[in-house]
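Enquirer: show me the folded form of this:
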Amino acid sequence: MAKEYRAKVFKSGNSVALRLPKALGLNDGDEMLLREEAGKFAFEPVPVARKKIDLTGIYGSIPDMKLLTDEDRIMEPRDLDWDGALLNRD
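Expert: Predicted coordinates for the structure are as follows:
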């Protein structure tokens with residue numbers, strides 16, 4: 001069963017605001033997504049974009065590293081069995 005909390009709407013400038021209980025674990029500045037459906041409201045945290053790893057600083061630190069050419073990227077198709085072992089080509 002879900003927990004229930006009671007909150008009060010109050011006026012804040014020209015808007016109304018909802019004070020949420022600390023027990024929800026929200027932090028100051030957290031962004032929330034609010035949905036209204038048939039007079040009922042639901043909110044959830046805004047999805048955070050996944051961070052990308054920047055590898056540009058690593059490129060110069062490996063002396064023998066060179067970029068792959070288009071020809072280096074082409075691979076011959078291989079026939080494998082169910083265990084991943086290479087099948088004999090006849």
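
Enquirer: need the next SSE after the least confident helix or strand in the chain by mean pLDDT, C-terminal direction.
Expert: Within the chain, no helix or strand scores below helix 56-59, which has a mean of 72 by mean pLDDT, DSSP states H and E. Per DSSP states H and E, the first helix or strand lying C-terminal to helix 56-59 is helix 70-73.

Enquirer: dump that next one to CSV, keeping only the CA atoms.
Expert: What follows is helix 70-73, C-alpha atoms only, in CSV (Å, rounded to 0.1, in the frame of the first residue of the first chain):
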residue,chain,number,x,y,z
ASP,A,70,37.6,2.6,-43.0
GLU,A,71,39.4,-0.4,-44.4
ASP,A,72,40.4,-1.5,-40.8
ARG,A,73,36.8,-1.5,-39.8
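
Enquirer: what helices and strands are in contact with that helix?
Expert: Helix 70-73 sits against no helix or strand, with contacts defined as 3 or more Cβ pairs under 8 Å, 6 or more residues apart in numbering; DSSP states H and E. For the C-beta atoms, the positions are set from N, CA and C on the backbone; glycine is no exception.

Enquirer: now do the contacts for Leu34.
Expert: By Cβ atoms under 8 Å, 6 or more residues apart in numbering, the contact list for Leu34 reads Phe41, Ala42, Phe43.

Enquirer: show the pLDDT at the one residue sitting closest to the centre of the chain.
Expert: Geometric centre of the chain, nearest residue: Arg50, 4.1 Å, by Cα atoms, centre = their mean. The per-residue pLDDT reported for Arg50 equals 86.

Enquirer: same deal with Arg35?
Expert: So Arg35 comes in at 92 (pLDDT).

Enquirer: so it: helix, strand or coil?
Expert: strand (DSSP: H, G, I helix; E, B strand; the rest coil).

Enquirer: how about the nearest residue to it, chain neighbours excluded?
Expert: Ala42 (4.9 Å; Cβ to Cβ, 6 or more residues apart in numbering).
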